[in-house]
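Student: Here is the input, now give the coordinates:
(2 chains)
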Amino acid sequence: DAGVTQSPTHLIKTRGQQVTLRCSPKSGHDTVSWYQQALGQGPQFIFQYYEEEERQRGNFPDRFSGHQFPNYSSELNVNALLLGDSALYLCASSLGSDRGRRGYTFGSGTRLTVV
Amino acid sequence: AQRVTQPEKLLSVFKGAPVELKCNYSYSGSPELFWYVQYSRQRLQLLLRHISRESIKGFTADLNKGETSFHLKKPFAQEEDSAMYYCALLNNAGNMLTFGGGTRLMVKP
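Tutor: Numbers count the residues shown, from 1 in each chain, chains lettered A, B, ... in the order given. Have a look, this model is predicted:
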């Protein structure tokens, strides 16, 4: 089992551009959450997708949007990139039926640099 | 709103010494708390959950609702315990996990 896989691993974008990050959950998991981790800080919750719908959203602007596909994989889109969007973006998967109580499985992240 | 605070950015101890990583939380509902760990060059992984009341790698954590704390403890630190530790709070709906800022534990030989 490959666990949670994220692509790409690294990305450099210019201010104002748009970016799409991808995540495949661990086998058997149906829920995907996205986190932003700035240097030296803990992960900050962006949103969670379950049954192809956004179920909860953190304190992030509408520039951040997402999607979940029927195979449970997910995308995170960020429009109009700002320098402050530079961070490690983590994807975490879990099983919706246990409501996260067994813990989340994390991917290794996508390092986004905005120049 | 839910919040998790880890007051220590860095904790340095000698091998064999006791370790306590502090975590305080703020949540109006019934809290479910976790400790996650990130070893060097590895991804973030679950260490333990308060609801299971288990000991993992010699670590334990007790939920104290009166003090709104969930401190992580180990009686005798090992060098391989050196890592970044994050305390996290799951909301009642189970759809949002809030992390603290993390504590880097360094165990010196």
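
Student: Tell me which residue in chain B sits closest to chain A.
Tutor: B:Gly94 (2.7 Å; Cβ to the nearest Cβ). (C-beta placed from N, C-alpha, C; glycine too.)

Student: On the pLDDT front, check that residue for me.
Tutor: According to the prediction, B:Gly94 has pLDDT 86.

Student: residues near the closest residue in space to B:Tyr36 that isn't next to it in sequence, how many?
Tutor: Nearest residue to B:Tyr36, sequence neighbours excluded (Cβ to Cβ, 6 or more residues apart in numbering or on different chains): B:Tyr86, at 4.6 Å. By other Cβ atoms under 10 Å in any protein chain shown, the residues close to B:Tyr86 number 25.

Student: what sits against B:Pro31?
Tutor: Contacts were defined as Cβ atoms under 8 Å, 6 or more residues apart in numbering or on different chains; by that measure B:Pro31 touches B:25, B:63, B:65, B:68, B:70, B:89-90.

Student: Look at the residue nearest to B:Tyr36 and give its secondary structure.
Tutor: strand (DSSP: H, G, I helix; E, B strand; the rest coil).

Student: can I assume it is in contact with B:Trp35?
Tutor: Yes - counting by Cβ atoms under 8 Å, B:Tyr86 touches B:Trp35, with 7.2 Å between them.

Student: tell me the pLDDT at the residue of chain A found nearest chain B?
Tutor: Closest residue of chain A to chain B, Cβ to the nearest Cβ: A:Arg99 (2.7 Å). pLDDT, A:Arg99: 79.

Student: Let me see the backbone angles for it.
Tutor: phi 50, psi 40 (degrees, to the nearest 10).

Student: Can you get me a residue count around it?
Tutor: 17.

Student: mind listing what it touches?
Tutor: B:90, B:93-95.

Student: Neighbour-wise, which one of those residues leads?
Tutor: B:Leu90 leads the contacts of A:Arg99 on contacts (other Cβ under 10 Å) with 26 neighbours.

Student: Quick check: closest non-adjacent residue to it.
Tutor: Using Cβ to Cβ, 6+ apart, the closest residue to B:Leu90 is B:Glu32 (4.3 Å).

Student: Quick check: A:Leu83 touching A:Arg15?
Tutor: Yes - with contacts counted by Cβ under 8 Å, A:Leu83 reaches A:Arg15, the gap being 6.3 Å.

Student: Residues that sit against both of these two, list them.
Tutor: A:114-115.

Student: count of residues packed around B:Tyr25?
Tutor: 20.

Student: before we move on, which element is the residue nearest to A:Gln68 when sequence neighbours are not counted in?
Tutor: Counting by Cβ to Cβ, 6+ apart, A:Gln68 lies nearest to A:Tyr49, which is 3.8 Å off, once chain neighbours are set aside. In the assignment (DSSP states H and E), A:Tyr49 maps to strand A:44-50.
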